[in-house]
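Asks: Sequence and predicted structure below; questions after.
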Amino acid sequence: MRSWLSGAFDLVVSDKLLAELERALAYPKLGERIEREEAAELVDLLRRHGEMATDPADPPVICSADPDDDYLIALAENARAILVSGDRHLLDLRNQLPVCSAATFLASLGTT
């Protein structure tokens, strides 16, 4: 968050991605760690300061292991962005697509 807010990189978001984040932050397991007000503030911060991209309408099938990931791949591709994820299905595609872990991405920025 600090690196993004300091301008080290642009963070791409979309309406669908932010809606998914809102749903995930409302899960009881996360609710034990993140208060509702903080979750709402985070989503609002991302909406106001993230680089808003158009949601892909019909993404091609790329990740057969998890078809829900195809949306994220198409979003990153349309925005010409690196997809940063801890999802093993996505990381398995790193030789074919610009996908990396958060640690790898931060290391590329010189941030650890």
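Replies: Yep, it's here. Numbers count the residues shown, from 1 in each chain.

Asks: contacts and neighbour counts: CA atoms only from here.
Replies: OK.

Asks: Quick check: can you list the domain ranges of the protein?
Replies: 1-54, 56-112 (automatic domain parsing).

Asks: just the helices in the chain please.
Replies: 2-5, 15-25, 28-31, 36-49, 69-78, 88-91, 102-109 (DSSP state H).

Asks: ok, now how distant is Leu21 from Gly110?
Replies: Distance of Leu21 to Gly110, given as Cα to Cα, to the nearest Å: 27 Å.

Asks: More neighbours: the two, which one.
Replies: Of the pair Leu21 and Gly110, Leu21 is the one with more neighbours under other Cα atoms under 10 Å, namely 15 against 9.

Asks: how about that one, what does it touch?
Replies: Going by Cα atoms under 8 Å, 6 or more residues apart in numbering, Leu21 touches Val43.

Asks: ok, how many other residues are close to the nearest residue to Gly86 once chain neighbours are set aside?
Replies: Of all residues beyond its chain neighbours, the one nearest Gly86 is Ser101 (5.5 Å), with distances taken as Cα to Cα, 6 or more residues apart in numbering. By the criterion of other Cα under 10 Å, Ser101 has 17 neighbours.

Asks: now do the one 3 residues further on
Replies: Here the neighbour count serves as a burial measure; for Thr104 (other Cα under 10 Å) it reads 14.

Asks: Check Ala65 and give its pLDDT.
Replies: Model confidence at Ala65, given as pLDDT, is 64.
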